[in-house]
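Enquirer: model this:
(3 chains)
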Amino acid sequence: MSDSVSVRVNGKPVTVRAGATVAVAVLAAGATCRASVTGQPRSPLCGMGTCFECRVAINGEPQRRSCQVLCEAGMEIEANG
Amino acid sequence: MNKPSEVVIVGAGIVGAACAFELAAEGVRVLVIDESFPSSGTTGAAMGHIVVMDDSEAQFAITRYSQILWDDLRDQLPPAVEFDPCGTLWVATDEIEMAEVHRKFDYYRERGVNAEVLDSQQVREAEPHLRQPLAGGLRVPGDSVVYPPCATGFLLQKARDLGARVVHGQPVVAIGKGIARLVDGTVFPAGFIINAAGQSAPKLSGGINIKPRKGHLVITDRYPNFLHHQVVELGYLKSAHSLTADSVAFNVQPRKTGQILIGSSRQYGAENSAVDDSILARMLQRAFDYMPELSQLSAIRVWTGFRPATPDKLPLIGPSPEDPSVLVAAGHEGLGITTSLATAKLICAQILGQRPAIPVQPYLPSRQMAAEAHV
Amino acid sequence: MDSVRHLSFDVAVVGAGPAGIAAALAAADSGVTVGLIDDNPAAGGQIWRGVQSAPQNSASSIWFQRLNKSAVQLVRGARVFHAAKGELAAESDDSAIQISYGKLILTTGARELFLPFPGWTLPNVTGAGGLQALLKSGLDIAGKRVVIAGTGPLLLAVAAYARKCGAKVVAICEQTTRSRMVRFGMKMLLVPGKAPEALRFAYELRGIPHWTDCWPVAAFGSRRIESVRISRQGQTSEIECDYLACGFHLIPNLELPRMCGCRLESGFVHVNEYQQTSAPGIYCAGEPTGIGGLELALAEGEVAGYAATNWEDRAKHLFAKRARYGKGVRILKDAFPLRPELKNLARPDTLVCRCEDVPHERLREHGCWRAAKLHARCGMGPCQGRVCAPAAEFLFGWQIDSVRPPVFPVRCASLAAVPSHSAAARN
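Expert: All right, here's what the predicted structure looks like:
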């Protein structure tokens, strides 16, 4: 069992440690998670699934709270911040 | 033209706010009193659809008149009002409902309302997320959507700019004989009093029959471009007709935020504002029948509201049976947002002794007493 | 269309943090069926996040070993969004879940209080606990400059953990007064087991400036935070940083207790000595009954688990331990009250509602939360006011207390799967 996982954030490959969340992968890629309704870049605030700032699209499914999703090999993550 | 010393309007929902604006624009001194805050009643729960309806000539007349008034106002509406001329798409699932599509089309066309019959393919193109196949539909491009609390806020602000006063946090306990009295005993003298208190209108004016008709709404997270029109099933009309049964009907609305508003349900006799899981589930299942992908959208909030309903489904606009100085402007069921502006015009005309743009007879409160007398 | 899973337990515990784990294990001692439900991918809540990878001899590992050996059914990744008599409605990523229960124990924990200040919405401005959660979820912070701000003992724990992860912790900015902080330190030394912990913190935080009467005034940066301006003893200064971890202590997660009809007292769930709430068959333990920390949560959880399974003797046996740790609630409350200057940090254009980008000036126009919500749309986003409502309560003194299902955003399909109830079954 590998101790790292590879995913793609906005098409760019990112490697994180096994068990890391998608939010962490977005941050590791130097990206921000989402754009607010007035276009400001946003990234995780609470880290525990209550603030909804970490929402990204995972494998085409939008509005996923990335701080509560574990990275899986080959995940396609769209972070539109 | 008689300008009274002051008009007191009870209720700062959309109807009260529209009346305030209209009267203030005519130079009348207006005081609006709300027991809580503007839009805290039915208006705050409302869907905000501006729609021309054809249940009866009287319903058509007032919805059409009011829709034109909204269109006249649209350029003044600030962004927060979220005015969206998205139009309505009535959808038919079978040949019977398709016949209704044609009937509506003819009815609207005869009366100068722009409408277009769509076949199955065209309905699909108009709204790609509708399930296939549907029989067809009717598109009414002149219908629109607004966000009711901010529309009310806009009307009240315009009224204030023209000199109206607005007081809130004070329930009015009695109106009539030239005064409105608050719970703390304060008395406001008035030439006329407008009872725009929605659900509470019967508490203030005797002889008017308004009953709450509970509805549920669900709003989703933002999914821009999922939905383009307000979409309504033709069974909606059957639902609105039933006087006793709980019913649900498919009705979805796009908001400018990209959120989808999902309705609708109607229940008589339910006075508890708590969410009713069973009817909510029915309402959602009905929606999924028409638009399966709705089931996967994230629902952020569910709420209930009470439509103030009259037995003949027409609003009460005119003098109270008990006191001619009190004008009732209430009982709009699910058409309060649509018909608020026309209601204000009709009320204003009656107060100022002017000729109203459409006949008021069908909406006079006295008709309810006459109807009861014939039973 | 979504599938629907049906689960049934004698005792359902919602929230798999320390209180929930303790409650589930205590309940399982009777041999009844116990379900422990949590929305995260693993149990542990906040303080024990990612504990599976912690060293074998730590206290938390012992609890986890007991959990793994027990008959407790851990239901992971399940968000409970609705509760009615005897039934919970939840959803996971791929199905709706209906859970019937005989007794219910609510251990829904707490979250951080966030207060708005200019620049608080910049990326890499996180909560204090928020940063810790991200670190435990794999965030690489080696060599990055971190400022920790806000209030409460969590700041110290986060500073120590960040440093262990390789961060350069530039400063800890605590808004409470120096005298309160000193008193807090002294009182905590008297609580059993705290003296070694305090010494360990002092060692782990050696060399990191710890300032009291100190709070963030504004965060600056273009696409992410680059510096924070702080106020300290009447003077402002700017500190360059890569992360600002700022949280103003903890507030209880009361949505489910409210939905179940549990009576509140002073903003927390009221419970009797058996952790029983005012709603029949429903118990509550941990932070929702009072912010008191880990050991208290464990003790309360055990009492609730035994009480829910009618094992009063075992519950009573824990009363003394619970009382000892219960002193921490008062100590915390007295030590970290929020100072009034924090109400004036937000400028008119500072956002209060982050979901809907609603600035302070638009909320201020209104007299109550409901009016502000309807007209300005604050609290109408997916967080359902979890971030902005507590801030608005503090800033404007509003009372915000209504709750409706769903208490978390859920797929429409999950809402439609909620079974119906008769009016009589509703509390």
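Enquirer: any low-confidence regions in the chain?
Expert: Assuming you mean chain A. Scanning chain A with the threshold set as pLDDT under 70 gives A:1.
Enquirer: wrong one, chain C
Expert: Counting by pLDDT under 70, the ranges of chain C that qualify are C:1, C:52-57, C:420-427.
Enquirer: mind checking the longest helix of it?
Expert: In chain C, ranked by residue count with DSSP state H as the criterion, the top helix is helix C:319-335.
Enquirer: and that helix, how far from the chain's centre?
Expert: The chain centroid and the centroid of helix C:319-335 are separated by 18 Å under C-alpha atoms, centre = their mean, to the nearest Å.
Enquirer: likewise for stretch B:174-184?
Expert: Here the centre of stretch B:174-184 is set off from its chain's centre by 27 Å, with C-alpha atoms, centre = their mean.
Enquirer: could you pull up phi and psi at residue C:218?
Expert: Listed backbone geometry of residue C:218 is phi -160, psi 150, with angles given as degrees, to the nearest 10.
Enquirer: can you tell me how far the nearest residue to it once chain neighbours are set aside is from residue C:408?
Expert: Leaving aside its chain neighbours, residue C:218 sits nearest to residue C:118 (4.1 Å; criterion: C-beta to C-beta, 6 or more residues apart in numbering or on different chains). All C-beta atoms are positioned from the backbone trio N, CA, C, and that covers glycine. When C-beta to C-beta, to the nearest Å is the yardstick, residue C:118 and residue C:408 sit 30 Å from each other.
Enquirer: need the residues of chain B near chain C, please.
Expert: Along chain B, the residues adjacent to chain C under the rule C-beta under 8 Å from any C-beta of the partner chain are B:37-40, B:44, B:149-150, B:153, B:168-169, B:218-221, B:262, B:272, B:274-275, B:277-278, B:280-281, B:284-285, B:287-288, B:292, B:294-303.
Enquirer: any of those buried? List them.
Expert: For the residues of chain B next to chain C, burial is judged from neighbour counts taken by 16 or more other C-beta atoms under 10 Å in any protein chain shown, and it is met by B:37-40, B:44, B:149-150, B:153, B:218-221, B:262, B:275, B:277, B:280-281, B:284-285, B:287-288, B:294-295, B:297-302.
Enquirer: higher neighbour count, residue C:118 and residue C:408?
Expert: residue C:408 (26 against 18; other C-beta atoms under 10 Å in any protein chain shown).
Enquirer: how about the secondary structure of that one?
Expert: Recorded secondary structure, residue C:408: coil (DSSP: H, G, I helix; E, B strand; the rest coil).
Enquirer: give the contact list for it.
Expert: By C-beta atoms under 8 Å, 6 or more residues apart in numbering or on different chains, the residues touching residue C:408 are C:39, C:79, C:80, C:81, C:384.
Enquirer: will you turn these into a markdown table that also has secondary structure and neighbour count?
Expert: Supplementary listing: the contacts of residue C:408 in a markdown table, determined by DSSP: H, G, I helix; E, B strand; the rest coil; neighbours: other C-beta atoms under 10 Å in any protein chain shown:
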| residue | secondary structure | neighbour count |
| --- | --- | --- |
| C:39 | coil | 23 |
| C:79 | strand | 23 |
| C:80 | strand | 27 |
| C:81 | strand | 24 |
| C:384 | coil | 22 |
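Enquirer: so which of these comes closest to residue C:122?
Expert: residue C:384 (23.2 Å; C-beta to C-beta).
Enquirer: which residues touch that closest one?
Expert: Under the criterion of C-beta under 8 Å, 6+ apart, the contact partners of residue C:384 comprise B:300, B:301, C:407, C:408, C:409.
Enquirer: again, only this time at 10 Å
Expert: Contact partners of residue C:384, counting by C-beta atoms under 10 Å, 6 or more residues apart in numbering or on different chains, are A:50, A:52, B:300, B:301, C:255, C:355, C:403, C:404, C:406, C:407, C:408, C:409.
Enquirer: now, among the residues you listed, which is nearest to residue C:198?
Expert: Set against residue C:198, the nearest of the contacts of residue C:384 by C-beta to C-beta is residue A:50 (29.9 Å).
Enquirer: now the closest one. Nearest residue, chain neighbours left out?
Expert: That would be residue C:386: by C-beta to C-beta, 6+ apart, it lies 4.7 Å from residue A:50.
Enquirer: now the helices for the stretch 251-400 of chain C?
Expert: C:255-259, C:294-308, C:312-317, C:319-335, C:360-364, C:369-376, C:388-396 (DSSP state H, counting those that start in this stretch).
Enquirer: buried residues in the fourth one?
Expert: Buried residues in helix C:319-335, defined by neighbour count with 16+ other C-beta under 10 Å: C:321, C:322, C:325, C:326, C:327, C:328, C:329, C:331, C:332, C:335.
Enquirer: find the nearest non-adjacent residue to the fifth one, please.
Expert: Okay, so that is residue C:327. Take residue C:327 and drop its neighbours on the chain: the residue closest to it by C-beta to C-beta, 6+ apart is residue C:191, 6.2 Å away.
Enquirer: was I right about that neighbour contacting residue C:197?
Expert: Yes - the criterion here is C-beta atoms under 10 Å, and residue C:191 meets it with residue C:197 at 9.3 Å.
Enquirer: those two: which has the busier surroundings?
Expert: More crowded of residue C:191 and residue C:197, by other C-beta under 10 Å: residue C:191, with 18 against 15.
Enquirer: find me the pLDDT at residue B:6, would you?
Expert: Confidence per residue is given as pLDDT, and for residue B:6 that number is 89.
Enquirer: wait, it sits on residue B:191?
Expert: Yes - proximity of residue B:6 to residue B:191 meets the contact threshold set by C-beta under 10 Å, at 6.1 Å.
Enquirer: what residues are shared contacts of those two?
Expert: Contact criterion C-beta under 10 Å, 6+ apart; residues shared by residue B:6 and residue B:191: B:28, B:29.
Enquirer: roughly how far out does stretch B:142-151 sit from the chain middle?
Expert: Counting by C-alpha atoms, centre = their mean, stretch B:142-151 comes out at 10 Å from the chain centroid.
Enquirer: for it, buried residues please.
Expert: Applying a neighbour-count criterion of 16+ other C-beta under 10 Å, one finds B:142, B:143, B:144, B:145, B:146, B:147, B:148, B:149, B:150, B:151 buried in stretch B:142-151.
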